[in-house]
Every structure is written in C-alpha cells, then in structure tokens.
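> what follows is a predicted protein model with its sequence.
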Amino acid sequence: MGKEEILKEINKNNVLKQIGKNLDYIRKEKNLSPSKFASLIKASKSQLTYVLRGEKGFSISKLLEISEITGYSIGFIYTGNKFTVQEEMKEYLELAKKQLELTQEHLKLVERTITAISSMINVDSNENMNDVV
C-alpha cells in the first residue's frame, strides 16, 4: 500500500469515526437506546453498532434519511459543527433580530441628528431674520 492509499484510508477512518460519534450524540440527545435508535432510523442494531464505532458507514442516501428523521442537519452528522436544523434556523433568526434592532437604533440616531440639525438651522434663520429687521 502506497503513501497516498494509506492517507486515504486514515482519512476515511477518521470520517467514519466522526460520523459514528455524531450519530451516537444524536442518539443520546434523543434519550434512545441503541436498539430504539436503530429502529427509528430503520437500520439493524448490528449495523448501527459498527457505524457508531466507526468501523463501517451508511450510504449518503441513508445519512440524508437519518437527517430528515432526526432533525439534525447533514452538516452536523458529518462534522459535529452544526446543531439541529431548527437550532440553525433559530440562530439565524436571532441574528436577523439583532440586525433589525441595530437598524432601528441607527434610524433613531439619524432622526435625532436631523432634528438637532433642523433646530440649529431654524435658530440660525431666526437670528438672520432679526438682523434684517
């Protein structure tokens, strides 16, 4: 086995272990035994055991199915970096809300600035009118 083949095998094993770890996390978060989780995702218990240990993997279509069934994104299943689709959407909505609040604050600041400039202009105009009279 050449160096490139060894590196590919190591990378494949790391990916399989990461997926197994993430699926086990999902199982535990849902408070399911391995048997009940296997049933939920329509897999045999022995197949799930191999996957959770990182010794085998599911097909991509099976992982997509698991994502749909569990509500966890495919990104989380692969990397562990994201949470459920609902949590990702919640985070996005919270960021949008903060952006809206900042925009409203900026608008208030602009209004106050315009009001201040307007009153300064009115004061200057009144003083100039008094000079003319």
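That came through fine. Keep in mind the model is a prediction, meaning the values are calculated, not measured.
> so Val15 sits right up against Gly80, yeah?
No. Using CB atoms under 8 Å, Val15 makes no contact with Gly80, being 11.4 Å away. Where you see a C-beta, it was placed from the backbone N, CA and C, and this is true even at glycine.
> need the overlap of contacts for those two.
Counting by CB atoms under 8 Å, 6 or more residues apart in numbering, Val15 and Gly80 have no common neighbour.
> list the contacts for Asn81?
Asn81 neighbours (CB under 8 Å, 6+ apart): Gly75.
> what's the answer for Ile69, then?
40-42.
> which of these are buried?
Buried members of those, scored by 16 or more other CB atoms under 10 Å, are 40-41.
> narrow the contacts of Ile69 to those in helices?
Residues of the contacts of Ile69 located in helices (DSSP state H): Leu40.
> could I get the contacts of Ile69 as JSON lines with distance to Val110?
Formatted as JSON lines, the contacts of Ile69 follow (distance: CB to CB, whole Å):
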{"residue": "Leu40", "distance to Val110": "53"}
{"residue": "Ile41", "distance to Val110": "53"}
{"residue": "Lys42", "distance to Val110": "57"}
